[in-house]
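In: Please work out how this folds:
(one chain, ligands or ions: 1)
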Amino acid sequence: MKNDRLTENANRDSVHPEDQTGVLEGLEILPPEALSRRSFLETAGFTLSVAAIGGCDRAPQHTAHPLPEQPAGVIPGRTRIYASTCGGCPSGCGLLVSVRDGRPLKMEGMPEHGLSKGGLCAVGQASPLGLYDSRRLTQPMFHETESSWEEVDRTILGGLEAVSKSKGAVRFVTPTISSPTLKAEIDRFLTRFSDARHIVFDAVSSSAILDAHETTHGKRVLPHYNLSAAKVIVSLGADFLGTWISPVEFTAAWRTRRSPSPSTPEMSFHAQIEGRLSLTGSKADRRYRASPLDFGLILAFLAEALAAHAGRSPIAGSPKEESPLPKEVLLDLAERLWHARGESLVISDSQDVETQILVNSINFMLGNYGNTIDTTYPSQQRQGNDGDVIQLIEELRSEKVQALFVAGTDLTHNLPKREVISEAIRKIPLIVSLGDRMDDLSSFAHCICPDHHWLESWGDYEPVVGLLSLSQPTIAPLRNTRSILESLASWSGRNESAYEILRNHWKSVVFPQTGEELFDSFWDKAVHDGRVDLRPKSIGTPNHSSDSFETSVVRFPKVALRPDQFVLDLYPRVGLTDSRHAHNPWLQELPDPISKVTWDNYAAISSATAARLGIADGDVLEIANEAGDFLVQIPALIQPGHADQVVSLALGYGVKGTDRFARIGPKWIEAKHTVGPGQLVGKNGAGFIKLREKSLSYCPAGITLKKTGRKYSLATTQRQHSLEIPRNVAPHGAEVRDVVQSTTLEAFRRNSTSGAPERHHVSAGDLWPADHPKTGHHWGW
Ligand code: SF4
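Out: Modelled structure (predicted):
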C-alpha cells in the first residue's frame, strides 16, 4: 500500500490549466478498434484500457506526431508526477499520479498526507480503469436520448423557474461531500428557492455516530479518531482496517503501535467484538463473536465494570439481562481500558443512536475526548443524515418534491422499498441526475448531466476540518461531460470554469485563514503540494462541550430470536464498498481478503449454524425479512469465526448494468463464467435495510433461511484455509516449522528473537556456476 520510491524521487508538478490544455489537446485518442486489448476487458467494454494497463499483448503501432506547441516542462514520453486527492470515496486520501503524454498511468499514496500517510486502497488503485469504461455517458441526456448542454440547461432552467414561482420543494441529494467549494456551490444554487435542502445520503451510513454527538456534545459531528494515540482499542463491529470511515488512514495509524522492536518492545492491545469475521477482526489480539444487536448490551456491561473502577454508579444502569459475553472477558477489557485512560478508544459501527451515546459516555468516562478523539477538528468523511433521508422518502411519497437533483449516488438501488420509492420519484416534475451512467435513478431522470471522472476534473477536499487538499485533472475529459461545479454555476446564471470557481473559493475563504501574504504563491504551492494543513500541530486540551455530560439510564434489552431466526449483518465489502464501484472489473475480481471469494456476494454463516441446518458451501439459500415481503436467493458460504444466529451479506451488488460481465472471463482451466446472460453480479441486499425513526439499520432481526435445493459454485482463489503443516508432509530431512510464527509480547520483551524463525542454512553454492559465465550486460541481476 505504500511506495517510498515515489517519495524520494517525487518530481511533482502542478498542472496549470493553460499547460494542461496544451498537453491534452495534443493527445490523440485512439479509436477502440485500433487497440489490441485483453479479451476480458474488451468484452466488458473498457475500450481504452490498454492505455492504462498495458499487458502481455504486443503493443499496437502508432504514429507519433510532435506537438505543435510543446507545453512548458513537458517532454513527450517522460512521466511526470502530480499531487492530487483520491475521489474513490469521501476519505480523501492523498495521491501522487504518474502522468505520461497526458494520460494517468499509475497512482500511489502521498507519504506526506496528514491522514493517509502514503497509503492507497484497492478502490483508489483501480480508479483509472473507470476513465475508460464505455458505459460512462458520453453526452448529456434528455429523456434517455443524447442531447446537448444547451438543451438540458434550457430544460432545467425552465423547470426551476416553474418550481420557483410555485414555491415548490427542491431537494439536492449527494453522498458525503467534503469539498468546501462544492458544498458552497450547492448552497449558492439552493438559496434562490424558498424550500430547498441539500440531503446527504450515504449508501453505508455512520449517521448514528453524528446523531449521538448531537445529543452528548450539542453539535452533530463525526469525531476524528486518532488510533496512533490509542494503547487499547475496543471495537464493536467497526471494520476500521477494511471499510469503516477512513480505512487507509486508520491502517497507517493503527500500524504505528503494532510493530514492537527490541528498543521499544511495546504494542497496543486491540479487541474486536463482531458478528462476521472482518479484516480488522482477523488482526485483533482478541476477537469475540457476538450479534450486532447485542452491542448495546455488551457496552452496558462494559460501562458498569468501568463505573466500578471509577467508583461511580453505572452510566447505563445495571443491566439485568444475561451478558452476551463472559463476565471475565468484560472485566478484563474494562481493566485494560481503565489503565489506559486517555490513551484508549472504544468505537462501534452500530447504527443505533442509543448505543452510540453509550460509546460516547464510555469514552468520556475514560478521558478519551481531546486525546484519542477530536471533536474540535472533526472528520467530514461521513456526513450522511439518515433522519433527512427518511424525511425525504416521506416527502417523495406525499408528492411534495417538485425538483430532485441527485449526484454521485443511486437512491433507488441503495434503499429498501425500491419500487415504492421509484414510483414516487417518477411523479416529480423535474428529475435531474448528475450520474456518469444509466443507473436505476438515471433511467427515469428527465435530464442527465454527466459529471467528469474525478481524474478529469479540478476539485478540493476537506476530510478533516482544517486539512484541505486539491485534486487536479490528469487527462482531458474523454467524453462530453461537465464538472458538477460548472453545472451548478450555469444553473445559477454564471459562466465560470471549475478551475475559476475553485480558485476563487480558495482565495476568498481558505487563503484568509492561512496568514500568508500573497495568494498566487500560496495557490501555486497548494497545487504543487496537493494539500494545506490549517490545524494546529497538537489537539491540545480536551474538547468536549461539557465537563459532565451524563447519559440517562438506557436499557438495551436482549433481542430474543426463535431458533429458526437470524440477525442479518449487512456490510460493505473491502475493495467494493458500495454500488458506485460495481462496474469496475478489477474490483469485482479482487478476492475478499477473508473468504477469498470473487465476483459474487454470498450469505456467510457459522460452521455450527451450517451443521445445525445441514447447509454446505454453495447451497442456494432463500433469505427473507421478518415481514416476508423481501427475499433474495443467494449461495451460502461457511465462514469459521462467524457468530451463530447471524448471517452476513455484502452490500453494493446486483447493480444495474453488471450483466455486461455475463459469460466472460479468462479462459483458464476450470474457468467459471461470472454470471449468465441477463444476470447481475451478486444480489442487492439493500431491501433488508430497516428504516427506523432516525436511522437506517443494517442489522435487521427476524431473518429466516431456507434451502432451495439448488447449488451455486462460488469463484474463490483459495480453498485451503489451514495454516498448519502436518509433520508427515515436511520435506525429508528438513526442519519442521509452523507457517506462521507467533510469540507473546511478554516473551518478546524477554528475548527479541522469540517467535522469529530460526535461521535457515543458506547454501554457499552458486546458482550460476562457472559453466554459465556472465558476460556483457545483465538484465535483472
Ligand atoms: S479509502 Fe477512499 S479515498 Fe482513500 S484510497 Fe481508498 S477509495 Fe481512495
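In: can you list the residues of this protein near the ligand?
Out: 86, 88-89, 91-93, 116, 120-121, 123-124, 247-248 (C-beta under 6 Å from any ligand atom). All C-beta atoms are positioned from the backbone trio N, CA, C, and that covers glycine.
In: and the helix or strand containing His224, what does it pack onto?
Out: Counting by DSSP states H and E, the element that carries His224 is strand 222-225. Contacting strand 222-225 under the criterion 3 or more C-beta pairs under 8 Å, 6 or more residues apart in numbering; DSSP states H and E are the following elements: helix 207-217, strand 373-379.
In: Got phi/psi on the closest residue to Arg479 other than its chain neighbours?
Out: The shortest distance from Arg479 to any residue that is not its chain neighbour, by C-beta to C-beta, 6 or more residues apart in numbering, is 4.3 Å, and that residue is Thr138. Listed backbone geometry of Thr138 is phi -100, psi -10, with angles given as degrees, to the nearest 10.
In: Arg494: neighbour count?
Out: Summarising burial for Arg494: neighbours were counted as other C-beta atoms under 10 Å, giving 13.
In: If you could redo that for Ser259, that was the one I meant.
Out: Neighbours of Ser259 using other C-beta under 10 Å come to 9.
In: nearest spatial neighbour of it, skipping sequence neighbours?
Out: The spatially closest residue to Ser259, leaving aside those adjacent along the chain, is Met267, at 7.2 Å (C-beta to C-beta, 6+ apart).
In: residues contacting that neighbour?
Out: The contact partners of Met267, by C-beta atoms under 8 Å, 6 or more residues apart in numbering, come to 257-260, 745.
In: can you give me the helices in the stretch 601-750 of the chain?
Out: Applying DSSP state H, counting those that start in this stretch to the stretch 601-750 of the chain gives helices spanning 607-613, 745-750.
In: which sections of the stretch 251-400 of the chain are below the confidence cut-off?
Out: 316 (pLDDT under 70).
In: on that earlier part again, mind putting the contacts of Met267 into a markdown table with secondary structure?
Out: Supplementary listing: the contacts of Met267 in a markdown table, determined by DSSP: H, G, I helix; E, B strand; the rest coil:
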| residue | secondary structure |
| --- | --- |
| Arg257 | coil |
| Arg258 | coil |
| Ser259 | coil |
| Pro260 | coil |
| Leu745 | helix |
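In: and which of the residues you listed is nearest to the ligand?
Out: Comparing these against the ligand with C-beta to the nearest ligand atom places Arg258 closest, at 19.3 Å.
In: Count the neighbours of that closest one for me.
Out: When neighbours are defined as other C-beta under 10 Å, Arg258 has 12 of them.
In: same check, this time on Glu496
Out: Using other C-beta under 10 Å, Glu496 is surrounded by 17 other residues.
In: ok, Ala715 touching Asn601?
Out: No: judged on C-beta atoms under 8 Å, Ala715 makes no contact with Asn601 at a distance of 12.0 Å.
In: Tell me which of the two has more neighbours.
Out: Relative neighbour count places Asn601 above the other of Ala715 and Asn601, with 27 against 17, counting by other C-beta under 10 Å.
In: Just name the most buried of the helices of the stretch 601-750 of the chain.
Out: With neighbours taken as mean count of other C-beta atoms under 10 Å, these reach their highest mean count in helix 607-613, at a mean of 15.
In: Not counting that one itself, show me its contacts.
Out: Where contact means C-beta under 8 Å, 6+ apart, the residues beyond helix 607-613 that reach it are 566, 615-616, 636, 638-640, 642, 644-645, 705, 707.
In: Check stretch 298-310 too.
Out: Applying C-beta under 8 Å, 6+ apart, the external contacts of stretch 298-310 come out as 234, 236, 273, 290, 313-319, 323-325, 327, 330-331, 333-335, 337-338, 346, 348, 355, 358-359, 361-362, 365-366, 554, 556.
In: can you check stretch 354-366 too?
Out: With C-beta under 8 Å, 6+ apart as the test, stretch 354-366 has contacts from 208-209, 211-213, 215-217, 236, 295-296, 299-300, 302-303, 306-307, 310, 315-316, 337-338, 340-342, 344-348, 350, 369, 372-373, 544, 549-551, 554, 556.
In: try stretch 560-572
Out: With C-beta under 8 Å, 6+ apart, stretch 560-572 has contacts from 204, 239, 243, 275-276, 278, 291-293, 559, 578, 609, 623, 625-626, 645-652, 685-686, 688-689, 698-705.
In: By neighbour count, sort out the buried ones in those.
Out: Those of the contacts of stretch 560-572 that meet the buried threshold are 204, 239, 243, 275-276, 278, 291-293, 559, 578, 609, 623, 625, 645-652, 685-686, 688-689, 698-705, by 16 or more other C-beta atoms under 10 Å.
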